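Peer 1: sequence unavailable; structure follows:
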């Protein structure tokens, strides 16, 4: 029986999504195919240096730990990164492009960082300019713009307006029209959840978390109820439910997650018109939770895997000329 199998590919690119709390590193081959992946537990918050020199040493050590053997095996392999590694508190500040902007990021837009093993190219973030009269604050993102580039590459071309929600520590809601990011908004829901559960009274009320989808759905319903008592009041209600024996302490984290996500969707969804296609991109469990929250409002959403960032970095590397689009091997190979 003749079976088509992917041709072997030499490593072509090191790609990193380096954020506030985590890092993902991919070794990519022809066409952006993932050859290897690593998830070191090192984000921006893992740096210990208060001065630029010590912070640089932290980042160099983290990069070497994640990717050093890849470079040793394939010297001069290009490397590109997106995310908070390019922030003012990161390895090197990479600046911002201002929306509305198209998604073609060229070589002149990248910031280069020299290190003992070569050069890292850092993708710029995006910003929304504040209102001229100061009544509306601006906004910023780093890393999510690359996920959006990758996600759009996975979809059939369309002129239909698209809303992409990227759940995470700082969840982004982005409006895309004609393959341009028109605007976006950030919700600190993920960070708020972490602070409430780990450092507040609810953290003392909860016990070891157990997955409880019913508690999450209950939290969604509470956070969506009309009239709303407001997020601070609904969050404290979780403690009262536990004390009254109406919520298991181990289920409190899922209940709180539902309350917070429901409140976010309640406020941001009306800004995105019903005719927009909704797309969720990111961690599978978080996308599942947001999809459930959107269904409460009668909105269906498609889901794209979080590896969209790897495909976005490949696309940026191609546009910037860091990699040659020609395959390293014959892509048409058959084996018996």
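Peer 2: Okay, I see it. Computed from a predicted structure; not experimentally measured.
Peer 1: OK, contacts around the residue positioned nearest the centre of the chain?
Peer 2: Among the residues of the chain, the one closest to the centroid is residue 144, at 5.0 Å (Cα atoms, centre = their mean). By Cβ atoms under 8 Å, 6 or more residues apart in numbering, the contact set of residue 144 is 126, 166, 168, 172, 174, 184. The C-beta positions use only the backbone N, C-alpha and C, and glycine is treated the same way.
Peer 1: quick check, the fifth one in contact with residue 161.
Peer 2: No - judged on Cβ atoms under 8 Å, residue 174 makes no contact with residue 161 at a distance of 11.2 Å.
Peer 1: higher neighbour count, the two?
Peer 2: For the pair residue 174 and residue 161, the greater number of neighbours falls to residue 174 (26 against 15), based on other Cβ atoms under 10 Å.
Peer 1: that's a strand at residue 163, yeah?
Peer 2: Yes - counting by DSSP: H, G, I helix; E, B strand; the rest coil, residue 163 falls inside a strand.
Peer 1: quick check, pLDDT for it.
Peer 2: pLDDT for residue 163: 94.
Peer 1: can you report how many residues neighbour residue 177?
Peer 2: The burial count assigned to residue 177 is 14, neighbours taken as other Cβ under 10 Å.
Peer 1: report the beta-bridge partners for it.
Peer 2: For residue 177, the residues forming beta bridges with it (DSSP bridges) are residue 180.
Peer 1: just checking, it touches residue 161?
Peer 2: Yes - with contacts counted by Cβ under 8 Å, residue 177 reaches residue 161, the gap being 5.0 Å.
Peer 1: chain center to stretch 269-276, what's the gap?
Peer 2: 21 Å (Cα atoms, centre = their mean, to the nearest Å).
Peer 1: give the buried residues for it.
Peer 2: Buried residues in stretch 269-276, counted by 16 or more other Cβ atoms under 10 Å: 269, 272, 276.
Peer 1: could the residues you listed go into CSV alongside distance to residue 69 and pLDDT?
Peer 2: Output for those, formatted as CSV (distance: Cβ to Cβ, whole Å; pLDDT from 0 to 100):
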residue, distance to residue 69, pLDDT
269, 45, 93
272, 44, 79
276, 44, 73
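Peer 1: narrow these to those in strands?
Peer 2: Among those, no residue falls in strands (DSSP state E).
Peer 1: so how many other residues sit close to residue 40?
Peer 2: 17.
Peer 1: residues contacting it?
Peer 2: 23, 25, 62, 65-66.
Peer 1: out of those, which are buried?
Peer 2: So, of the contacts of residue 40, 23, 25, 62, 66 end up buried under the neighbour-count rule (16+ other Cβ under 10 Å).
Peer 1: the residues you listed: which two are farthest apart?
Peer 2: Across the buried ones among the contacts of residue 40, the longest distance by Cβ to Cβ is 9.8 Å; it joins 25 and 62.
Peer 1: neighbours around the residue nearest to residue 291 when sequence neighbours are not counted, how many?
Peer 2: Nearest in space to residue 291, with sequence neighbours left out and distances taken as Cβ to Cβ, 6 or more residues apart in numbering, is residue 301 at 5.2 Å. Number of residues near residue 301 (other Cβ under 10 Å) recorded here: 19.
Peer 1: great, nothing more from me.
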